[in-house]
Structures are given as C-alpha cells and as structure tokens.
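# Need the 3D shape of this:
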Amino acid sequence: RFTIEGLRIHRPLEDYVGMFGRSDVGEIREVVLVDAQITGRDITGGVVGGINSITVRDSTVSGTVNGRDKVGGVVGNVADGSLLRVSSAANVTAVNDVGGLVGGMNGSSLVDQAYSRGTVSGTEDVGGLIGELGGWDVSVVDAYSVAAVPGTAPSTSTRPRSTGAARPRTRPSRRARRRR
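Alright, predicted model coming up:
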C-alpha cells in the first residue's frame, strides 16, 4: 500500500487533476490518500482525474475534492474502466457531474465492492456514488453510499442520472397518490 497524508494540489484552471492526472494504460492499485485537498477544473478526482480502459483497485481517499465538471472522490471520469474495492470519505464539491466515488461514467464500466461517505454537493447530476451515467453498459455491484447529498434539483432527462443513497420517502409518490 502507498499511503500519502496531506496531499495538496491546487490547479483550479486545469483539467485532469488528481494524484495522477490521466491514465489510459496499466492499473492503479493500493493508493491511500489521507486528508487530501485537491482542486481542479474539469475531470478531477482524488486518485486520478480520468481513466480510459484501466482498473483502479484497493484505493481510498479522505479529505476534499473540488472542481467544476466530472468531479469524484476517487476518479473524475471513467470511460470503459473499472473500480474494484475502492472507497471515499472525501467531501466532494462541483457544479455538474459530481459523485462521492466518480463524477461521470460511460462506456462499458464497472464499480464493484465500493462505498462512499462524506458530503457530495453540486448543481446538476449529483450522486452519492456516481454523478452522471453516460452509457447503458455501466454495472454497479455490491456498492453503496451513505454520503450526504444536500439540495440537488431533479433532472428532466430520461437517461440515468444519479446513484445516490436511497432515502425512504416521507410521503407517497405522485403516482401512488393518483391511484387512491
């Protein structure tokens, strides 16, 4: 395991920001970031900003991750990649496509044995696990979130949007009320 305490990256005008900016080959594994403070613009994550066709495994992040678009506690954007046994206790803040683990996922991608906690804040496409799902071949298995996701507005799109932690309804849905 590679443990780094107090990693500070402040690049608010740059894309692909994280401990690793971008990776299209190999595998990233056993990275532990404790009390990290990472700020980028788009495609920003704790461990890596963006991945394409690789796996991130056995890694965890705590601290804060901030950006504008496609921002996640572990990875900013996943294209045809996998996250295995990863977790985030980071507070993640962005405008769009923001998630406790991953800001955006598309293509043939997998999240397995993962969880997030902390707070996830944004304006659109905000989720406890994944902010925005851009493909129909994304699998989420044995994963959960207990992250706080305050004040997000509902989406008007028909595509999948948010995978935040399920919350019990305090009143019946509109459909249930109409059936009465």
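# Quick one: residues contacting residue 146.
Contacts for residue 146 (CB atoms under 8 Å, 6 or more residues apart in numbering) come out as 115, 116, 117, 128, 165. No exception for glycine: its C-beta is placed from N, CA and C like everyone else's.
# er, residue 4 actually
If you count contacts by CB under 8 Å, 6+ apart, residue 4 has them with 19, 31, 32, 33, 34, 36.
# next SSE after the strand or helix carrying it?
Per DSSP states H and E: residue 4 is located in strand 2-5. Later in the chain than strand 2-5, the nearest helix or strand by DSSP H and E is strand 8-10.
# give me the beta-bridge partners of the residue positioned nearest the centre of the chain?
What sits nearest the mean C-alpha location of the chain, by CA atoms, centre = their mean, is residue 102, with 2.0 Å. For residue 102, the beta-bridge partners are residue 75, residue 130 (DSSP bridges).
# Is it in contact with residue 82, as I believe?
No. Taking contacts as CB atoms under 8 Å, residue 102 lies outside contact range of residue 82: 11.0 Å.
# any common contacting residues for the two?
residue 111.
# low-scoring stretches of this protein, by residue?
Counting by pLDDT under 70, the chain contains low-confidence residues at 151-180.
# one more time with 50
Residues of the chain meeting the criterion pLDDT under 50: 155-180.
# check contacts around the residue nearest to the centre of the chain.
45, 72, 74, 75, 76, 77, 78, 83, 111, 129, 130, 131.
# quick one: contacts for the last one?
The reference is to residue 131. Neighbouring residues of residue 131 by CB under 8 Å, 6+ apart: 70-72, 94, 96-99, 102-104, 120, 122, 125, 162.
# Between these, identify the one with the most neighbours.
Counting neighbours by other CB atoms under 10 Å, residue 72 comes out on top of the contacts of residue 131 with 40 neighbours.
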